[in-house]
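Enquirer: with the sequence up front, the predicted model follows.
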Amino acid sequence: MPRKTLLHRVTVQEGLGKASVPRRSVLIDGDRIEAVLPEDLAPLHSPDVRVVDLDGRTVMPGMTLGHTHIAYLDVLDGREMLFKYSVPELTLAAAENTTRLLSLGYTAFVGAGSVAGIDMALRNAVDSGRLRGPRITPCSRDLMVSGPPDRRNPEVKRRIPTDLMRLADTPEEMAEYVATEIEQGAEIVKVFSSGDDTFPNGRSHELLFTAEELKIASRTAHEHGARVRAHSRGLDGIRNAIAAEVDVIDHATYADDAALEAIADRGIFVVPSLFQPHKLLTTGTRHGKTSDYLETLEFQAEIDNTLRILPLMVEMGIPVVAGDDFGFAWTPHGSYAEELETYVTMAGIPAATVLTWATANGARMAGRGDDAGTVQAGRLADLVITGDDPAEDITVLSRPGGIETVLLGGDTVAGSLDTYSTPAGALR
């Protein structure tokens, strides 16, 4: 039997922010890419190579979903995040969401707040072969406080089961919770430097963690070998997150130019938020949100500033990663590719650039920057085959049938290579 696989006559989207390259062949050996060759140099007649003729289809890197709550199931508010379903129901649905990611072209995800530690359980199940799913960078439970520093309410903590969410009252408890989450398998810890206009305990401009609390959480995580991601919408919260040396800033919606410069200098990943607030404002009434409620949100101002800063982040070389609070009713699981389209259509970011946010940058944020995220020799053969070139038309990623086949470490995990032809004289 042939030991290697040749994806012949393909267009390669490398994941490097450039136009795709036509008339190439990708040689896979085991779980790695051995070579990316001009198609006329491909080893078509080697006895140890299985040749699959893709007739010009595009091969791109598998994508990494940078911000998802895999166990949020079309929730409408903060209470539903924790209490709408039982933990067994959440776990089963999260497992289904995990497996479904593969068919959508996502070969990895980075958690952004794990209800009841489900992220860690999913990673263990995938790694052990009990569940088919992508590569997982598991997130901690949300590490939360009861409110802004001047409105802390101990009664709130008594209402939230610790197994669902960690609510810290003291710096010592905060450090303990961070360490405990990492001991249970978290590779990234979720903290909250600011509130959110949809939160019951603090709005977007308000601080939740104090600057010192944020530093304690970040320092503890780093001492235990984990990274930190901070929910940061308001400018003061963004500044505190930068000062605390977090690794990822989620949303960054009110960032000013000085904050962006500091983020760029430190190489902090930014997972912006455009799709989620846009969908809430434009479709929220379909999900029971009243017009009066939507008018109380300042999300339009957040959208406007996000549209302003996205091109600046590209210019500054800030590592932007795609993923925008999936799991709400207006951003349901499975709609991930629509976010990518939104960056192209609303923000005017070139499709090839947006693809790097979901591929090369996503892999870097997941801790696999030298191992995945691009179509290059030596990288993992985590690959997606599409009918059209997503760097030319990014909607192919959400179009029914647009994603034809997905490989994870060289193994077919969605679609089939058997549906493609074999050149005359080549081995199948």
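Expert: Arrived safely. None of these values were measured; they are calculated from a predicted model.

Enquirer: enumerate every residue touching residue 385.
Expert: 7, 10, 54, 57, 58, 59, 403, 404, 405, 406, 407, 415 (C-beta atoms under 8 Å, 6 or more residues apart in numbering). All C-beta spots, glycine's among them, are computed from the backbone N, C-alpha and C.

Enquirer: cool, residue 387 as well?
Expert: So residue 387 contacts 57, 58, 396, 401, 402, 404 (C-beta under 8 Å, 6+ apart).

Enquirer: swap in residue 268?
Expert: 242, 246, 247, 248, 249, 318, 319.

Enquirer: end to end on stretch 188-200, go ahead and measure it.
Expert: 25 Å (C-alpha to C-alpha, to the nearest Å).

Enquirer: how far out from the middle of the chain is that stretch?
Expert: Offset of stretch 188-200 from its chain centre (C-alpha atoms, centre = their mean, to the nearest Å): 17 Å.

Enquirer: give the rounded mean pLDDT of that stretch.
Expert: For stretch 188-200, the mean pLDDT works out to 93.

Enquirer: in it, what counts as buried?
Expert: Across stretch 188-200, burial judged by 16 or more other C-beta atoms under 10 Å covers 188, 189, 190, 191, 192, 193, 194, 195, 196, 197, 198, 199.

Enquirer: identify the bridge partners of the fourth one.
Expert: Looking back up the chat, that one is residue 191. When assigned by DSSP bridges, residue 191 has beta-bridge partners residue 230.

Enquirer: circling back to that earlier point, which of the contacts of residue 268 fall within strands?
Expert: 248, 249 (DSSP state E).

Enquirer: dump the contacts of residue 268 into a markdown table; add neighbour count and distance to residue 24 as well.
Expert: Formatted as a markdown table, those follow (neighbours: other C-beta atoms under 10 Å; distance: C-beta to C-beta, whole Å):
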| residue | neighbour count | distance to residue 24 |
| --- | --- | --- |
| 242 | 21 | 41 |
| 246 | 27 | 39 |
| 247 | 21 | 34 |
| 248 | 24 | 33 |
| 249 | 26 | 36 |
| 318 | 25 | 30 |
| 319 | 21 | 26 |
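
Enquirer: ok, the contacts of residue 268 vs residue 91, which is closest?
Expert: residue 248 (25.1 Å; C-beta to C-beta).

Enquirer: tell me which stretches of the stretch 201-350 of the chain form helices.
Expert: With DSSP state H, counting those that start in this stretch as the criterion, the stretch 201-350 of the chain has helices at 211-223, 235-243, 257-266, 275-283, 291-296, 299-316, 336-345.

Enquirer: now swap in the stretch 1-150 of the chain and tell me
Expert: 78-83, 87-103, 118-127.

Enquirer: the last one: which residues count as buried?
Expert: This points to helix 118-127. Buried positions in helix 118-127, judged by neighbour count with 16+ other C-beta under 10 Å: 118, 119, 120, 121, 122, 123, 125, 126.

Enquirer: nearest to residue 135 among these?
Expert: residue 126 (7.7 Å).

Enquirer: so how far is residue 404 from the closest one?
Expert: 23 Å (C-beta to C-beta, to the nearest Å).

Enquirer: what about residue 147, neighbour count?
Expert: A total of 18 residues lie near residue 147 under the criterion other C-beta atoms under 10 Å.

Enquirer: list the contacts for it?
Expert: 153, 156, 201, 202, 208.

Enquirer: at 7 Å instead, please
Expert: Shown in contact with residue 147 (C-beta atoms under 7 Å, 6 or more residues apart in numbering): 153, 201, 202.
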